[in-house]
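Participant: Predicted model follows, preceded by the sequence.
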Amino acid sequence: MQERTGSTGQNRTVMLDGYNLAIEKGTGVATYARNLSYACGTSGYRTEILYGKPIAPTQDPFFREVAFFANQGEKPRPLTALRRDIESLTTFFLNPKALEIPITGKVIIDQFANQMPHFDTIWNAPNLFDRAFTLYYAYRMFSTVAGTTTPDIMHWTYPLPIRLKGTKNIYTFHDLVPLRLPYTTLDNRAYYFSLMKRLLKQADHIVTVSESSKRDIVDIFGYPEEKITNTYQSVFLPKSITEKTDDAVRQEVEGIFNLPYKGYFLFFGAIEPKKNVGRLIEGYLSSQVQEPLVLVGKPAWKAERELQVLGETSHGDRVRRFAYTSFPFLTSLIRGAKAVLFPSLYEGFGLPVLESMLLGTPVLSSNCASIPEITAGAALLVDPYDTRAIAEGIQTLSSNADLLRDLGVRGRQQAGNFSPERYRDRVSALYDRLLEPTM
């Protein structure tokens, strides 16, 4: 590993926010931030993580470590549930102060091994993100942070109304769904639109995860293309998952879920309008295939509307639902499926599609947004708004064994274009370019 050093010979430092990393069950954005931290580490950058967990500051280093992990997994408060118990408005105008969280090994953290990012130093500024959202919502002001070291680059992995002084602040825009499909989210659109414009005005650079998302930023905001870099994302699964034997996968699928190995279709993700679960179910039922449809995902916004067709008539065991399963068992469900069905209305990147392809499972997905560029002909794509097209795609996958084999092989090959090594090279090229001395 080549260490990235500056003119003084010291290691270059990249700091990442821990806004999504603190979520226990993770999201696509949390996976993005975690994989970005790994890319920073393998590229030779010193990597620091800035969390905003709601833990009381203490001068005792050991108890800071205890408090940090006691709070591990608490989800950041959403904008729609802004705190009402802030002591006074004056706290808005005080820079949140970060303290270093020592990782000594005295607190046993094996349980969080798969959740933790790569890091050299961890910081925590209590309630940082909650305070920042509240301040911007009320006064359209950005927060700053005191107490940390000054990194060479502060990479905010999400559109956050925060800046770190004395460094380059760059922000990742994953997509513009609240503006492109405003009827599919609960975001405050006026707040979101204002924040996007401010970030584009103040950011030193914008990072995104697909050419589709990059085009949206350019087209909607008239933003210069040269100030946006698409690094894509990385898809990575540990060897304990990728090297699990087919027999072990079969035993888990049949023993835990009572499903026939390679005899069902699978959707996994949140049950919400953007994921298009309602049309997926309608297309599946009208396809009249014999294999059951398995839905894995927690009900989210307007889930009842997406699932309403299931309540109108009896379908026996044709559609089966699991609200949650652990990631290792989810990957076994993916491997054990005949195909993954993911006709989302819009994806900034589409990590579930790529994860399925990496595991060798054929995929049916959408012919819009980022999916065509991510899959590059290695998936069966349909119009997500056309229920009949979804049904015909499912029928094709049900009956065409040759196509299934072909998609499985090509999917794995295409997923290789998003390996951690290729992602590391794209990220390090971006950082090195941003840190080049200006003439």
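Facilitator: Structure's in. What do you need?
Participant: Identify the residues contacting the nearest residue to Y136 once chain neighbours are set aside.
Facilitator: Counting by Cβ to Cβ, 6 or more residues apart in numbering, Y136 lies nearest to P161, which is 3.7 Å off, once chain neighbours are set aside. All C-beta spots, glycine's among them, are computed from the backbone N, C-alpha and C. Contacts for P161 (Cβ atoms under 8 Å, 6 or more residues apart in numbering) come out as 132-133, 135-136, 141-143, 195, 198-199.
Participant: now N417
Facilitator: Contact analysis of N417 by Cβ under 8 Å, 6+ apart lists A376.
Participant: Let me see the contact set for I271.
Facilitator: The contact partners of I271, taken as Cβ under 8 Å, 6+ apart, are 277, 295, 297-300, 303, 306-307.
Participant: Now, the contacts of P161 that are in helices?
Facilitator: Within the contacts of P161, residues falling in helices by DSSP state H are 132-133, 135-136, 195, 198-199.
Participant: quick one: which helix or strand includes E347?
Facilitator: Per DSSP states H and E: E347 is located in neither a helix nor a strand.
Participant: can you redo the ones in helices among the contacts of P161 as TSV with neighbour count?
Facilitator: Converted to TSV, these look like this (neighbours: other Cβ atoms under 10 Å):
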residue	neighbour count
A132	24
F133	22
L135	19
Y136	21
L195	19
R198	16
L199	19
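Participant: Show me where the stretch 51-200 of the chain has its strands.
Facilitator: Ranges of strands in the stretch 51-200 of the chain, per DSSP state E, counting those that start in this stretch, are 99-101, 121-124, 143-144, 153-156, 162-163, 168-173.
Participant: Out of those strands, which one sits most buried?
Facilitator: Mean neighbours per residue, mean count of other Cβ atoms under 10 Å, is largest over the strands of the stretch 51-200 of the chain for strand 153-156, with a mean of 24.
Participant: how about the helices in the stretch 251-400 of the chain?
Facilitator: 277-287, 303-306, 308-312, 327-336, 351-358, 371-375, 387-399 (DSSP state H, counting those that start in this stretch).
Participant: Just the buried positions in the third one, please.
Facilitator: For helix 308-312, the buried set under the neighbour-count rule, 16 or more other Cβ atoms under 10 Å, comprises 309-310.
Participant: do the first one as well
Facilitator: For helix 277-287, a neighbour-count test (16+ other Cβ under 10 Å) marks 277-281, 283-285, 287 as buried.
Participant: Buried ones among the contacts of I271?
Facilitator: By 16+ other Cβ under 10 Å, these give 277, 295, 297, 300, 303, 306-307 as buried.
Participant: Take the residues you listed and lay them out in TSV including distance to T375 and pLDDT.
Facilitator: Shown next, in TSV, are the buried ones among the contacts of I271 (distance: Cβ to Cβ, whole Å; pLDDT from 0 to 100):
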residue	distance to T375	pLDDT
V277	20	95
L295	22	96
G297	21	92
A300	25	80
A303	27	77
E306	24	82
L307	27	85
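Participant: among the residues you listed, which two are most distant?
Facilitator: Greatest spatial distance among these (Cβ to Cβ): L295 and A300, at 12.5 Å.
Participant: Export the ones in helices among the contacts of P161 to JSON lines and append columns for distance to I109.
Facilitator: Converted to JSON lines, those look like this (distance: Cβ to Cβ, whole Å):
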{"residue": "A132", "distance to I109": "27"}
{"residue": "F133", "distance to I109": "28"}
{"residue": "L135", "distance to I109": "32"}
{"residue": "Y136", "distance to I109": "33"}
{"residue": "L195", "distance to I109": "34"}
{"residue": "R198", "distance to I109": "37"}
{"residue": "L199", "distance to I109": "33"}
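Participant: Quick check: the farthest pair among the residues you listed?
Facilitator: Using Cβ to Cβ, the pair of the ones in helices among the contacts of P161 lying farthest apart is L135 and L199, separated by 14.7 Å.
Participant: which residues touch T396?
Facilitator: Contact partners of T396, counting by Cβ under 8 Å, 6+ apart, are 380, 403.
Participant: tell me the domain boundaries of the protein?
Facilitator: For the chain, the structural domains run 13-234+420-434, 239-417, going by automatic domain parsing.
Participant: Those: lowest mean pLDDT?
Facilitator: Ranked on mean pLDDT, the bottom entry among the domains of the chain is domain 13-234+420-434, at a mean of 89.
Participant: All good on my end, thank you.
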